[in-house]
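>>> how would this look folded up:
(one chain, ligands or ions: 2)
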Amino acid sequence: MLQILFFSILSGLVFYIAYGRFLQIYKNISLGITENEKHNSITGLKNMILFALGQKKMFNKPVSGIFHLFIYLAFALTQIELLEILMDGFTGEHRIFAHALGSFYNFLINSIEILSFLAFISTFIFLYRRNILKLIRFQKPEMKGWPSLDANLILMGEILLIAGIFVMNSSDQILQNLDPQHYPSTGKLYISSFIGASLLGQFPQDWLIWLERMGWWLHLFVIYGFILYLPFSKHLHIFLAFPNAYLSNQDSRGKMSNIPVIENEARSMVGLSPKEIQDQTEIFGAADIFHLTKRTLIGAYSCTECGRCTAVCPANLTGKKLSPRKIVMDIRDRMEEISKQPKPNGECNDGKNLFDYISREEIYACTSCNACVEACPVLINPLEPILALRRYDILMNSGGPSEWMSMFNSLENTQSVWQIPETRDSWTKS
Ligand code: SF4
Ligand code: SF4
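Ligands and ions are numbered 1, 2, ... in the order given. Reported below is the predicted structural model:
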């Protein structure tokens, strides 16, 4: 009874704190603007199934893709075991699904164990790649400090989580023979029965009971730790990759959105009738997260910090300061900073904006090549905020590299970047 009470209070507290934190993230994302563009929900669902659920782009790098798949599948399947742990905790039962599922229960737990074992190996390989092999994409300046620690903490948490499963199941395998009344049969669990027979066979019953409970609580504590920790971690992508893939940009690569007012000016210059403008905005581009789309903000929270975008960025590869991963991480950091500010009128007045995080050198180094967009496994588009910041700096601050100014003047006066005096379409008339 005492255990049920403790479990219930602990669970209530964990879910209450996590709810508050997830609500804050929802509010942060809501600070962005809503797009008017058409969104095809069938294509959105297809993207979600292929890229978030199916992890399609992860297999562009097959070795890391397969190890990531083990961790992903183990995580997905252990949710069933978590459900059983929660129900056991609230009811005081032991393996509440065992009788109901019969032989399928044995298949299920064996599958979880095999995937957990593979995930256990994958976790060590990922730790090795980051900390000993030191893959270049994990060593970039934006990965110093917290981002690197965050990745290692989660990997170590996974090791503890899997250790909990095997301590619990291996002692349980022996206890099923000693006290079948309290420990219902799961059938043979291949990995746990091997561990149990090799390491725990000589242990007295009260030690085994203690070990089984230790494994159960360890598993639960790590899961509750994850629930509280996820909203502060890059591993929030476990959830947000789904809406991010659903909402991802459905236009063809390379298509840039026009600013309606400026598009109309260009149309009038070449003698076309203006388009109807629905939202008259005073701001061109983006200086802060309030001017970015909600989709971009969800993307910032979905970033896995894998660095695949930075690894293919020609600007970064040629030694420029730009890293698309850093841009995405900066947007997330800015949202976090704003969420901590007092907002008397619902607005943030800290005198800062995204340009305090992202330098002009970075945004002007971008070649708009879309390589980062193509590389991102969770369909984040780092180019959109880069272009939005650049537009703001040029159109609102009259900024931009001096070399670009003559090009802009030439475009405005002759509709050509090369200052050719003839009108742009004159060749069609000769
Ligand atoms: S679009 Fe810009 S940020 Fe992205 S890869 Fe190309 S140069 Fe790098
Ligand atoms: S934007 Fe995409 S590719 Fe780049 S670090 Fe984030 S998840 Fe990886």
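
>>> use CA for all of it now, contacts and neighbours both
Will do.

>>> buried sites along the host helix or strand of residue 105?
If you go by DSSP states H and E, residue 105 is part of helix 103-131. Buried positions in helix 103-131, judged by neighbour count with 16 or more other CA atoms under 10 Å: 105-120, 122-123, 125-127, 130.

>>> Check stretch 146-153 too.
Buried, per 16+ other CA under 10 Å, within stretch 146-153: 147-148, 150-152.

>>> check whether the longest helix along the chain contacts ligand 2.
Determined from DSSP state H, the single longest helix within the chain is helix 146-178. No - judged by CA under 6 Å from any ligand atom, helix 146-178 makes no contact with ligand 2; its nearest approach is 11.2 Å.

>>> by how many degrees do that helix and helix 103-131 diverge?
Calculated by axes from the mean of the first three to the mean of the last three CA atoms, to 10 degrees, helix 146-178 forms an angle of 150 degrees with helix 103-131.

>>> Tell me the first helix or strand C-terminal of helix 146-178.
Next element after helix 146-178 (DSSP H and E): helix 190-195.

>>> Now that next one - C-alpha only, CSV.
This file holds the C-alpha atoms of helix 190-195, laid out as CSV (Å, rounded to 0.1, in the frame of the first residue of the first chain):
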residue,chain,number,x,y,z
TYR,A,190,16.4,-15.8,-23.8
ILE,A,191,18.7,-13.0,-22.8
SER,A,192,17.5,-12.6,-19.2
SER,A,193,17.4,-16.4,-18.5
PHE,A,194,21.0,-16.5,-19.7
ILE,A,195,22.0,-13.6,-17.4
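
>>> Just list what that helix packs against, helices and strands only.
helix 103-131, helix 146-178 (3 or more CA pairs under 8 Å, 6 or more residues apart in numbering; DSSP states H and E).

>>> Reformat those as CSV; add mean pLDDT.
What follows is those, written out as CSV (pLDDT from 0 to 100):
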stretch, mean pLDDT
helix 103-131, 94
helix 146-178, 94
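
>>> Could you export the ones you listed to CSV, including columns for distance to residue 256?
Shown next, in CSV, are the helices and strands packed on helix 190-195 (distance: least, CA to CA, whole Å):
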stretch, distance to residue 256
helix 103-131, 36
helix 146-178, 31
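
>>> between those helices, which gets nearest to residue 275?
Among the helices and strands packed on helix 190-195, the nearest to residue 275 by CA to CA is helix 146-178 (45.6 Å).

>>> which strands and helices sit next to the closest one?
On a contact count with 3+ CA pairs under 8 Å, 6+ apart, helix 146-178 meets helix 103-131, helix 190-195, helix 205-229.

>>> where in the protein is pLDDT low?
Low-confidence segments of the chain, defined by pLDDT under 70: 279-281, 344-347, 424, 430.

>>> Close to ligand 2: what parts of it are there?
So the chain meets ligand 2 at 303-309, 325, 375-378, 380 (CA under 6 Å from any ligand atom).

>>> Compare those residues and tell me which has the most neighbours.
Neighbour tally across the residues of the chain next to ligand 2 (other CA atoms under 10 Å): the maximum, 30 neighbours, falls on residue 380.

>>> so it touches residue 246, yeah?
No - Residue 380 sits out of contact with residue 246 when judged by CA atoms under 8 Å, with a separation of 11.0 Å.

>>> Give me the number of neighbouring residues for the nearest residue to residue 316 once chain neighbours are set aside.
Leaving aside its chain neighbours, residue 316 sits nearest to residue 322 (5.5 Å; criterion: CA to CA, 6 or more residues apart in numbering). By the criterion of other CA under 10 Å, residue 322 has 24 neighbours.

>>> Same check on residue 174?
A total of 22 residues lie near residue 174 under the criterion other CA under 10 Å.

>>> ok, back up a step: next, the angle from the longest helix of the chain to helix 205-229.
Relative orientation of helix 146-178 and helix 205-229, computed by the same axes, to 10 degrees: 150 degrees.

>>> what about residue 21, distance to residue 227?
For residue 21, the distance to residue 227 (CA to CA, to the nearest Å) stands at 10 Å.

>>> One more: residue 117?
Applying CA to CA, the value for residue 117 to residue 227 is 22 Å.

>>> same thing with residue 300?
From residue 300 across to residue 227, the span is 19 Å (CA to CA).

>>> Who has more neighbours out of those two?
Counted by other CA under 10 Å, residue 300 and residue 227 do not tie: residue 300 has more neighbours, with 28 against 17.

>>> wait, isn't that one in contact with residue 332?
Yes - contact criterion CA under 8 Å: residue 300 and residue 332 qualify, at 5.3 Å.
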